[in-house]
Structure formats: C-alpha cells, structure tokens
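>>> fold the following.
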Amino acid sequence: MAKRRAARDSTAVDLDLDHLPKMPRDRSIPIGCIGAGFIMSDCHLVSYRNARFNPVAIASRTPERAREVAERHGIARCYDTYEEVLDDPQVEVVDVAVPPDAQIDVIRQIVKRKKRIRGILAQKPLGVDYAQSVEVVKLCRKAGITLVVNQNMRYDQSVRACKTLLDRGVLGEPVLATIDMRAIPHWMPWQQRQGWVTLRIMSIHHLDTFRYWLGDPVRVYASVRPDPRTTKKFAHEDGICLYILEFAGGARASSWDDVWAGPALEGAAADIGIRWRVEGLDGMARGTIGWPAYPARQPSTLDFTTTRRPGYWFSPRWDEVWFPDAFSGPMAELLCSLETGEPANLNGEDNLKTMALVEACYRSAKEHRAVEIAEILGRKR
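Coordinates of the predicted model:
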C-alpha cells in the first residue's frame, strides 16, 4: 500500500496554478478615475468593487455619464473635468481610461501633480505609436510616478495558469505557441480617427501574452488585410492580422487574429471563439478564452498533459472570467508596487517592448519582410 501511494505521489501535479493576482495588504489607497465608458464602468469598477479597492472620484468627457457611473458604483465625488479629479487632495493613484490619442495629454497633467499623485494605471495601447509610448514612459520616470499598463489579458485565468505551468517546467522547454481568434469585436468610434483597428487594440493582447509566456522575440513577420465589415465604416489596413514570432531559443509563436470571422452578422451561421495552445518538450497545454461570450460569464479553460503523468489530461477549472474579473490584476500590481517599492511586471518600461513588437508588425506588413524588434527599439543586435 505504501509503495502504491508513493508512486501516485511521484506523478502528482500541483493544480494550484496561481491564476489570481497578488493583492496589496492595503487596499484603501484612494483612486481617481478618468473616463466613464464601458471599460471603466463595466470592467474596472466592477472588478475594483469585488477586490475591495477604493475609487473615490471620477470625471468623464460627458459629465452626465460620469454621474451615472458614480451613482452606480458608489463613488463619492463626481467632477465635471478630469483636472478636478487630479486636484482632489485625496487622490493618490489615477486610473486613466480614455482613447489612446487623448491619454498622453491626461498624463502630462498628472505629472504636474507629482508631489501627491504616486501612481498611474494607463490603458493599452500606451500611445498612438511606439514613439508616443516612449514619451509617456519618460514623463512618468522624470516625475517619479509609478506607471503600470493595463495589459489585462495576462490576468485571464487560463493565460496566467499556463504561465505557471511554464515557470514550473511542467511543459518543458517551449517549442510552439499559437492563438486562433475568430471573434467580432465592438469597435469604438474613436478608432475611425486613428485609421487602425486590430494590431494596436486586439493583437496587442496576444503579442503581450506571447512575451509573457516565452520572453522577448527576436523578429516578427506579419501580414494584414482590411476587415470587409469594418471597411464599410472607415478605411483601415490592419483588420485581419496574421503574424509569426521567432525566439532566440528556437521557439516559435503565431496568431490568426480574425475579426471578420465569416459573415456571421450578415446571416450565415457563427463559429466564434478563441483557442490557444502551447507545446513544450515535456508537455502541452491548450485552452479557450471566454471573452467573446461577454456579457455572459464564460470562464476561460485550460487542459494540459505532461510526461510527468503519461497519457493523462489535467483539466482545472475556475469561476472567474477575463471580463471583468481580470481587470483587478493590473491595479493590484500598481498598488503592490507602491507598497513594496518593487517594479510591477506590467510597468511602463516593460510595456515599451510590447509596443515595439506591435510597431514591428506594422512595419513588417507594410514592407513585406521579417522585422527584428531591435530595429524599433533603436539598438543593434
């Protein structure tokens, strides 16, 4: 009996996969909120309430909307302008949820209050392009303000759990990672004035996830075409996006970011979903992302197999979902960083590498060639 028990223990795999964010000891830090659109009202503030964070003030371009959101979420003070939020003597952390072409102007105003404001949670993309993102990071660094970027797919439960499997060596050395997205996002009106769609809004999540899982790639090859549906609304090039990442250690990653997903809105049957897969020398993980089912609560899934227990599939499951539960993760990172002085994983400096990877995709698609990330970062290998 003892020998049989020992044999079972030797093939055991820990299914506590650290899928939830680490929380700060002090959750009472006063947060000022700028923006009252969907991301703020239905994601940030819902997850903050569940995490027991402390939003104390809000403002929006549309004051009436800000008042509605403040009442819905029990936020004590609602202002007509975001500058009034920044001047609120209680506010120590600012959550910025505005379009990317407006974000840098808000951050320029925040850094003027550097003696009181300690941290910023900025939206992705951090800027309208890589150069603007560099400027944002420099502004915060010079002011001594901690900057965290809301790359919240890292806190999707299946994505985070897969990272734990990789860190623990359960899958062995990574060989190939793929993401297959067939989904139809709800594009925002501000995207029309940008002239771009998928790479900086959807693909940026997948590119950042590949960095999270596998580290920084050496080069990328991207191919894009317009989305037939969105083309009827405004001109753009990066609708459907395909790309391949090459890593120095030999690993490869690729994603098909298909926002057309067939004529599902035009009368055909729909086949909507996001599937991912990571293969290593010692195991393989596969999963689904539940986000396309929103507002229905559909948790992401993870199944994995490993040579540590041959012929067996592990299938841990969770109740949490990406939208909105994962949105507490980046804010938790910011608050923990302020509490401990340790850099957040999603810090602004790190996010520049994700922005450079996005920029490399644009250059690759335009010039029809593989682009090394070092080209964008401005350094030679």
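>>> helices along the stretch 251-381 of the chain, start to end?
Per DSSP state H, counting those that start in this stretch, the stretch 251-381 of the chain carries helices over the ranges 328-340, 348-367, 373-377.
>>> pipe those helices into CSV and attach mean neighbour count, distance to residue 116 and mean pLDDT per row.
Quick note: C-beta positions are derived from backbone N, CA and C, even for glycine. CSV is the format used below for these (neighbours: other Cβ atoms under 10 Å; distance: least, Cβ to Cβ, whole Å; pLDDT from 0 to 100):
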stretch, mean neighbour count, distance to residue 116, mean pLDDT
helix 328-340, 23, 13, 98
helix 348-367, 22, 20, 98
helix 373-377, 18, 33, 97
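>>> turn the ones you listed into JSON lines, columns for distance to residue 245.
Putting these into JSON lines (distance: least, Cβ to Cβ, whole Å) gives the following:
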{"stretch": "helix 328-340", "distance to residue 245": "23"}
{"stretch": "helix 348-367", "distance to residue 245": "8"}
{"stretch": "helix 373-377", "distance to residue 245": "9"}
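>>> quick one, strands of the stretch 201-350 of the chain?
Under the criterion DSSP state E, counting those that start in this stretch, the stretch 201-350 of the chain contains strands at 219-225, 240-246, 252-258, 273-280, 283-289, 301-306.
>>> now render the ones you listed as TSV, adding mean pLDDT, mean neighbour count and distance to residue 99.
Shown next, in TSV, are the strands of the stretch 201-350 of the chain (pLDDT from 0 to 100; neighbours: other Cβ atoms under 10 Å; distance: least, Cβ to Cβ, whole Å):
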stretch	mean pLDDT	mean neighbour count	distance to residue 99
strand 219-225	98	20	22
strand 240-246	98	21	20
strand 252-258	98	21	21
strand 273-280	98	20	24
strand 283-289	98	21	24
strand 301-306	98	20	32
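>>> among the helices of the stretch 251-381 of the chain, which is nearest residue 143?
helix 348-367 (11.7 Å; Cβ to Cβ).
>>> elements contacting that closest one?
helix 130-143, strand 146-149, helix 204-214, strand 219-225, strand 240-246, strand 371-372, helix 373-377 (3 or more Cβ pairs under 8 Å, 6 or more residues apart in numbering; DSSP states H and E).
>>> any stretches of the stretch 151-300 of the chain with poor pLDDT?
Of all residues in the stretch 151-300 of the chain, none has pLDDT under 70.
>>> for the closest residue to residue 39 other than its chain neighbours, give me its contacts.
Nearest residue to residue 39, sequence neighbours excluded (Cβ to Cβ, 6 or more residues apart in numbering): residue 97, at 5.1 Å. By Cβ atoms under 8 Å, 6 or more residues apart in numbering, the residues touching residue 97 are 33, 34, 35, 37, 39, 40, 44, 123.
>>> what separation do you get for the third one and residue 249?
Remark: distance between residue 35 and residue 249 (Cβ to Cβ, to the nearest Å) = 40 Å.
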